[in-house]
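**Student:** sequence? don't have it. structure:
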């Protein structure tokens, strides 16, 4: 273990009081924390109810860009959990907000390698989005004299998780970034893998983002975790100082790093992509303040 | 220009004699040097004839893994140029030879993200190759309780240029590398882009390789240029000292670097992905010995 960093404490009945009393808002990652794929993790529903009943604010900060905030609220509702759109900060929303705060010209277009969630957020923000799901079945023609055309008015390429990635989309995004002067290259996030289904991990946005880094020899701006770009929006909404927030997540290099970068307390749950041996491995230099097996441990530790 | 490096000399009637007399074998890259897509570059045929008539050995060293040596010989022949299989060193062949010299067990399988050329070379070397073109139309099922199965006897993943890359192949390769103990991760090459068609550049193997680096958080062994792995096979065949070889290519970071790494003389041609301003840009620190616009400049400079 890195001796420069204080090792994470196991969350217990001895230390939960101090954490709980000092925190006004709990920030939750979703995949691997709240659910895996389409399955709720045991005890999540009761835990969130308990926290709300104790007056805690709940916020959901997800790097998964497949859905918009509206679509996430619908997913929560279908799983029996009541969450409003403005409690959700997804990297799809962050991508649209990044363009907004940087005064991206409304007459320019945005090319998307990713899901419908990114396109919906871009459209809600007033932008014209190309690509995404509508290009999933497109094929390239590799013939003499045939020219792959791309829209010269694309001023930004946004890349997120795309289970329908193909060579057409990769060439489209690459041409925009290499040939359209000043074209922005925005990554929703760079997670290597994620729980696309409950039983196993799948390549994450980090896969598609790296592909376009490989073809363009450029690096993107990352708007999702561990970047704290989303935190400004969250603070505006909730007006809680970051020292009174606790980030709860399953990934060290996104969730926990995000929490630390923003000055929050941090709690790692082992219900997702990180296990205890990874946490304790000498090569890991990201130590959360606390760790526990799953969010519902709150139920037992806080007691009746 | 980097002052530590001697700037490239423009090939001219004054210096071509010294180059020509000291070289016994010319090593040519193919894409952007011999052809673009399926179109021969002007004057190539006559230039190669001239060199052969003067007793020079010709070797073709290509990072493009879409074809096997046999398929490359066929392509040369269809373009009216007589080249034998053993004059061709493709990165598809290099991938198979890498397994061979490292005593890769014959009972293990190899998963391919790439073209038929890689599979053919692997099969010629006695290996069982999975994936490649046969997985191009496969789709993933992102449903609860559905498990993406992969072959546990895959001991190596070979990645090259794949215009039919998809999420199925990316997940398959990622699972093998992450879950099969000791699984090798081999890249034919990492070219960012290449002339898949004559009119424009397209994402190269560097795109697909980076995608799997992104999902596995691992780095591959590269067997194509600028790695000099292929040089050992070339030396065995041609028995010419590398100081009597001249590498002719259009890419600084693969062709020219390969030539320099191997101790060859180097000649950059501007008929492919590199233009003169890139060569002379202060950020470029790879300087070939010579540069010229295209290989057929030999015809004029050597004179009748």
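**Tutor:** Alright, I've got the coordinates. Predicted model, so just to flag it, every value in this text is computed and none were measured.
**Student:** Do you have the helices of the stretch 101-250 of chain A handy? List them.
**Tutor:** A:116-124, A:167-179, A:205-216, A:231-238 (DSSP state H, counting those that start in this stretch).
**Student:** Pick out the residue nearest the middle of chain A.
**Tutor:** Centrality entry for chain A: nearest residue to the mean C-alpha point is residue A:63, 0.8 Å, by Cα atoms, centre = their mean.
**Student:** Would you mind measuring from that residue to chain B?
**Tutor:** Residue A:63 sits 14 Å away from chain B, going by Cβ to the nearest Cβ, to the nearest Å. Quick note: C-beta positions are derived from backbone N, CA and C, even for glycine.
**Student:** How is chain A divided into domains?
**Tutor:** A:9-63+A:226-302, A:104-222 (the TED database).
**Student:** Just the mean pLDDT for the last one, thanks.
**Tutor:** For domain A:104-222, mean pLDDT rounds to 96.
**Student:** The residue nearest to the centre of chain A contacts residue A:224, correct?
**Tutor:** Yes - with contact defined as Cβ atoms under 8 Å, residue A:63 reaches residue A:224; the gap is 4.2 Å.
**Student:** Name the residues contacting each of those two.
**Tutor:** Shared contacts of residue A:63 and residue A:224 (Cβ atoms under 8 Å, 6 or more residues apart in numbering or on different chains): A:91, A:188, A:189, A:205, A:254.
**Student:** sorry, back to before: closest one to residue B:53 among the domains of chain A?
**Tutor:** In terms of Cβ to Cβ, the element of the domains of chain A nearest to residue B:53 is domain A:104-222, at 30.0 Å.
**Student:** Show the end-to-end separation of the closest one, please.
**Tutor:** Taking Cα to Cα, to the nearest Å as the measure, domain A:104-222 stretches 16 Å from start to finish.
**Student:** repeat for stretch A:226-243
**Tutor:** 17 Å.
**Student:** Run through the residues that contact residue A:173.
**Tutor:** A:111, A:113, A:131, A:157, A:159, A:212.
**Student:** Which of these fall in strands?
**Tutor:** Secondary structure assignment by DSSP state E places A:111, A:113, A:131, A:157, A:159 of these in strands.
**Student:** hang on, the earlier thing: could you point out which of the shared contacts of residue A:63 and residue A:224 is nearest to chain B?
**Tutor:** residue A:205 (8.5 Å; Cβ to the nearest Cβ).
**Student:** That closest one: what's it in contact with?
**Tutor:** If you count contacts by Cβ under 8 Å, 6+ apart, then residue A:205 has A:63, A:65, A:91, A:114, A:159-162, A:187-191, A:224 around it.
**Student:** Just give the nearest non-adjacent residue to residue A:259, would you?
**Tutor:** Nearest residue to residue A:259, sequence neighbours excluded (Cβ to Cβ, 6 or more residues apart in numbering or on different chains): residue A:247, at 2.9 Å.
**Student:** what's the spacing between the one you found and residue B:72?
**Tutor:** According to Cβ to Cβ, to the nearest Å, residue A:247 and residue B:72 sit 54 Å apart.
**Student:** Neighbour count: these two, which is higher?
**Tutor:** Taking other Cβ atoms under 10 Å in any protein chain shown, residue A:247 and residue B:72 do not tie; residue A:247 has more neighbours (29 against 24).
**Student:** Distance of the more buried one relative to residue A:94?
**Tutor:** Residue A:247 is 15 Å from residue A:94, by Cβ to Cβ.
**Student:** Same question for residue A:83.
**Tutor:** From residue A:83 over to residue A:94 the distance is 18 Å, taken as Cβ to Cβ.
**Student:** Compare the two and say which one has the larger neighbour count.
**Tutor:** residue A:94 (26 against 21).
**Student:** so that one, which of the three states?
**Tutor:** Secondary structure, DSSP: H, G, I helix; E, B strand; the rest coil: residue A:94 is helix.
**Student:** list the contacts for it?
**Tutor:** Residue A:94 neighbours (Cβ under 8 Å, 6+ apart): A:188, A:223, A:224, A:229, A:230, A:233.
**Student:** rerun at 10 Å
**Tutor:** Contacts for residue A:94 (Cβ atoms under 10 Å, 6 or more residues apart in numbering or on different chains) come out as A:61-63, A:65, A:118, A:121, A:186, A:188-189, A:222-225, A:227, A:229-230, A:233.
**Student:** what's the answer for residue A:42, then?
**Tutor:** A:271, A:294, A:295, A:296.
**Student:** interface residues of the stretch 201-304 of chain A facing chain B?
**Tutor:** A:201-218, A:253 (Cβ under 10 Å from any Cβ of the partner chain).
**Student:** Select only the buried ones of those residues in ChimeraX?
**Tutor:** For the buried members of these, the matching ChimeraX selection, counting by 16 or more other Cβ atoms under 10 Å in any protein chain shown, is:
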select /A:201,202,203,204,205,206,207,208,209,210,211,212,213,214,215,216,253
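**Student:** which residues in the stretch 1-150 of chain A form strands?
**Tutor:** A:9-10, A:25-28, A:35-36, A:39-40, A:57-62, A:88-90, A:109-113, A:128-131 (DSSP state E, counting those that start in this stretch).
**Student:** what do you get for the stretch 151-300 of chain A?
**Tutor:** Under DSSP E, counting those that start in this stretch, the stretch 151-300 of chain A gives strands at A:154-159, A:184-187, A:193-194, A:202-203, A:221-222, A:245-249, A:265-269, A:290-292.
**Student:** Which one of those strands lies nearest to residue B:261?
**Tutor:** Of the strands of the stretch 151-300 of chain A, the one closest to residue B:261 (Cβ to Cβ) turns out to be strand A:184-187, at 30.7 Å.
**Student:** on that earlier part again, columns distance to residue A:182 on top of the shared contacts of residue A:63 and residue A:224, output as CSV?
**Tutor:** As requested, those are exported to CSV (distance: Cβ to Cβ, whole Å):
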residue, distance to residue A:182
A:91, 23
A:188, 21
A:189, 23
A:205, 23
A:254, 29
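**Student:** among those residues, which two are most distant?
**Tutor:** A:188 and A:254 (11.3 Å).
**Student:** Next, show the common contact partners of those two.
**Tutor:** A:63, A:91, A:222, A:224, A:225.
**Student:** how much space between the first one and residue A:236?
**Tutor:** What that stands for is residue A:63. Plainly put, residue A:63 is 20 Å away from residue A:236 if you go by Cβ to Cβ.
**Student:** what do you get for the fourth one?
**Tutor:** Taken as Cβ to Cβ, the spacing of residue A:224 relative to residue A:236 amounts to 18 Å.
**Student:** what about the two, which has more around it?
**Tutor:** Neighbours per residue (other Cβ under 10 Å) separate residue A:224 from residue A:236, with residue A:224 holding more: 28 against 8.
**Student:** Surely that one and residue A:89 touch.
**Tutor:** Yes - using Cβ atoms under 10 Å, residue A:224 is in contact with residue A:89, at 9.3 Å.
**Student:** intersection of neighbour lists for these two?
**Tutor:** A:61, A:62, A:230.
**Student:** Now for the second one, how many residues are close by?
**Tutor:** Other residues within reach of residue A:62 by the criterion other Cβ under 10 Å amount to 30.
**Student:** Contact partners for it?
**Tutor:** With Cβ under 10 Å, 6+ apart, residue A:62 has these contacts: A:28-31, A:33-34, A:69, A:72, A:88-94, A:188-189, A:194, A:224-225, A:230, A:249, A:255.
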